[in-house]
Every structure is written in structure tokens, then in C-alpha cells.
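K.L.:
Build the 3D model from these lines:
(one chain, ligands or ions: 1)
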Amino acid sequence: MTAPAVTVLGLGAMGSAIATRLRDNGFTTTVWNRTAAKTEPHVEAGSTAAATVAEAVNASDIVLVVLLDHHSVREQLDPVAAQLKKTVVVNLTTTTPNQARETAAWAAEHGIHYVDGAIMAVPSMIGDPSARLLYSGDENGYATAQAVLETLGTTEFTGEDPGLASLKDMALLSAMDLMILGYVQAIAMMRTAGTPAVETAAEVEAWLAAMLPHGKELAAIVDGGTYDTGGQSVDFDRFGIASLITASREQGIRADFLEPHQKLLEELAAAGHGDSDWIRVIERLTIH
Ligand SMILES: NC(=O)c1ccc[n+]([C@@H]2O[C@H](COP(=O)([O-])OP(=O)(O)OC[C@H]3O[C@@H](n4cnc5c(N)ncnc54)[C@H](OP(=O)(O)O)[C@@H]3O)[C@@H](O)[C@H]2O)c1
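P.N.:
A predicted model of the protein is given here:
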């Protein structure tokens with residue numbers, strides 16, 4: 001069976017890595033980039049450059065879109081909707097779940113097989129199994145493109161709701177972001193005692209590694225839904241967090257990253273949930 005032809009729209013850092021990987025794996029590649037000069041090294045390496053988006057999408061039945069954001073994707077794809085009919089479009093551009101759903105609805109109107117993707121990797125990881133790529137949307141479209149997508153890293157089809165891949169990506173990135181803020185807070189506090197940042201970072205790493213497995217126990221309480229397991233309570237935790245905030249300020253360090261947690265615990269206590277498992281804070285996150 002001959003390898004399918006693939007078009008890559010967008011040759012920034014990520015699109016370039018993807019086009020290179022596909023070419024190295026024997027796929028016939030057509031590339032397009034708004035700034036045409038970026039196609040030159042790809043043409044030298046064996047890809048075909050398209051002068052327009054229309055020309056690019058006509059060249060292949062599978063089109064990978066690796067542009068900056070939702071706006072740039074729609075700016076480029078909307079005018080070529082008719083040419084994309086029956087094409088599998090895999091949008092690897094980072095978007096929000098609702099933006100993915102909006103593009104999927106647009107694609108469905110035009111008979112396009114739309115798969116939304118989220119890349120959990122940096123360009124240098126593309127092609128390595130450590131690169132995790134999430135996909136959701138048109139399952140048949142995913143199956144058609146699967147051999148292509150599997151060359152980019154470890155793939156996972158998260159479901160037919162086109163927003164799911166993005167949702168998981170954003171949820172995991174949120175977890176990372178909040179965890180890194182924890183590093184920042186600890187480093188800031190320990191710097192007041194002259195401890196170098198790298199030293200505190202190593203301590204934080206060991207501490208978090210020991211604590212992370214307990215996350216699943218907390219998750220089980222959330223799934224249970226009653227918050228009455230007798231674990232660490234809201235009242236216990238709100239005094240704990242108050243100490244952290246006070247200690248931080250005593251050292252001349254702002255506690256802005258910690259204060260939202262305290263606020264949620266205080267809300268729970270005020271609502272009569274002082275005895276609940278503290279993880280009940282998750283219920284306060286829902287916007288009503
Ligand atoms: N880099 C990473 O580590 C990483 C990791 C995960 C996900 N991603 C996602 O992958 C996507 C691409 O990232 P990147 O690192 O390749 O970014 P980048 O290096 O900044 O490249 C951006 C690309 O988008 C193009 N572009 C921007 N606005 C455009 C428009 N209005 N019309 C047409 N093309 C437009 C640029 O074209 P020009 O060359 O003409 O400017 C360029 O090809 C982003 O959504 C990013 O969030 C990146």
C-alpha cells in the first residue's frame with residue numbers, strides 16, 4: 001500500500017517538525033506557509049510547496065493544520081471549504097474546546113471530516129513516543145489519518161466530541177501551571193533564608209513526588225460525591241492554609257497564589273461544610 005499524501009498548512013516551529021517527520025517517514029508532503037520563504041528548506045528536502053492554501057489542500061486527502069490559533073485557522077480554511085469536501089482535516093493548532101466544536105460544526109456543514117488535535121510535546125519531541133498527541137471528533141476521519149498521525153508520537157483518540165482533545169490538553173496544562181506556581185512560591189519563601197532556587201526546586205520535586213500518589217485518593221472522594229470520609233476536613237485545612245499565608249507574609253513574600261484556596265475553604269465553612277473532606281472545594285469551582 002502506498003503511503004498517503006499529506007498536506008501541512010503552517011511551517012512554524014511545530015509545523016516544520018511535523019512536515020519533516022512525515023517526509024522522513026516516506027509520506028509525500030505538500031507544504032504551505034503564509035511567509036513563503038519558510039517552505040524553501042522543505043522543498044530542498046523533498047516536499048512540494050503550494051503557492052496558495054487552495055493549491056495545498058487540493059494536493060492531498062489528509063490536511064494537517066498547524067497554525068497559530070483558532071482565528072488564523074478559520075481565516076485560512078473558510079475560503080477553501082468547498083475544496084476540502086471529503087478531505088480529512090486534522091487541526092493540530094491549539095484552540096479552546098468550544099473553538100474546536102465551532103470549527104467541527106463548520107466542517108460538518110461542508111462535508112469535511114474534521115479531527116481536532118492537541119499536541120502535548122515540544123517540536124523536538126515530534127516522532128518520539130514521549131510526544132503525546134490527543135485527538136477527538138470524526139472517528140472515521142481519525143481512522144483514515146491514523147497511520148500518518150502515529151508517526152508523530154503516541155496517539156490517543158479521546159472521543160467524538162471534537163472539544164475533548166483540547167479539553168484534556170487544557171486540563172493537564174492547568175495542572176502543570178498550578179504545580180509550577182507551587183515551585184515558585186516555595187522558592188520565593190526559601191530565598192528569604194538565602195537558599196538557592198535550584199536547591200529548593202530539588203526539595204519540592206522530592207516532596208511532590210511523595211505526595212502525588214495521594215491525588216488518586218482525593219479523586220476517589222470526589223467520585224464518591226459525599227465528602228464525608230473523615231479525611232482532612234475543611235476546618236483543618238483552612239487553618240493550615242492560613243498558616244502558610246501568614247508564614248509567607250512574615251518573610252515578606254506575597255501569598256497571592258495561596259489566597260484563592262483559602263477563599264474557597266472559607267466559602268465552604270460559611271456554607272456549613274466545615275466538617276466535610278476539604279476536597280469539597282471542587283464543588284465551589286463550578287460557575288453557576
Ligand atoms: N511549539 C510548541 O512547543 C507547541 C507545543 C504544543 C502545541 N503547539 C501549537 O502548535 C501551533 C503552532 O505552534 P508553533 O510553535 O509552530 O508556532 P510558531 O512557530 O509561532 O508558528 C506559527 C505559524 O502560524 C502561522 N500563522 C500565524 N498567523 C497566521 C495567519 N493569520 N494566517 C496564516 N498563518 C498564520 C505562521 O506563519 P508565518 O510563518 O507566516 O508567521 C507560522 O507558520 C500553535 O497553536 C501552538 O499552540 C506548539
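K.L.:
ok, the residue of the stretch 1-150 of the chain found nearest the ligand - contacts?
P.N.:
The ligand sits closest to G12 of the stretch 1-150 of the chain, with a gap of 1.8 Å, by Cβ to the nearest ligand atom. For every residue, glycine as well, the C-beta is placed using N, CA and C. Listed by Cβ atoms under 8 Å, 6 or more residues apart in numbering, the contact partners of G12 are 33, 38, 66-68.
K.L.:
Now do the biggest helix by length in the chain: distance to the chain's middle.
P.N.:
Taking DSSP state H as the criterion, the chain has its longest helix at helix 164-191. Helix 164-191 has its C-alpha centroid displaced from the chain centroid by 12 Å (Cα atoms, centre = their mean, to the nearest Å).
K.L.:
That one - contacts with which helices or strands?
P.N.:
Applying 3 or more Cβ pairs under 8 Å, 6 or more residues apart in numbering; DSSP states H and E, we find helix 164-191 packed against helix 97-109, strand 113-120, strand 132-137, strand 154-159, helix 197-211, helix 234-250.
K.L.:
avg pLDDT for the longest one?
P.N.:
What helix 234-250 shows for mean pLDDT is 98.
K.L.:
can you list the residues that contact that helix?
P.N.:
Counting by Cβ under 8 Å, 6+ apart, 185, 188-189, 254-255, 258-259, 261-262, 265-266, 268-269, 273-278, 280-281 sit against helix 234-250.
K.L.:
Contact partners for the residue positioned nearest the centre of the chain?
P.N.:
Nearest residue to the geometric centre of the chain (Cα atoms, centre = their mean): D169, 2.5 Å. Each residue near D169 by Cβ under 8 Å, 6+ apart is listed here: 94, 118-120, 134.
K.L.:
And the strands in the stretch 1-150 of the chain?
P.N.:
6-9, 29-32, 48-49, 62-65, 88-91, 113-120, 132-137 (DSSP state E, counting those that start in this stretch).
K.L.:
Could you identify which of these is most buried?
P.N.:
Burial of the strands of the stretch 1-150 of the chain is given as mean neighbour count (mean count of other Cβ atoms under 10 Å); strand 6-9 ranks first at a mean of 29.
K.L.:
Ok, which of the strands of the stretch 1-150 of the chain comes nearest A197?
P.N.:
Nearest to A197, of all the strands of the stretch 1-150 of the chain, is strand 113-120, at 26.2 Å by Cβ to Cβ.
K.L.:
which secondary structure elements does the closest one contact?
P.N.:
strand 88-91, helix 97-109, strand 132-137, helix 139-150, helix 164-191.
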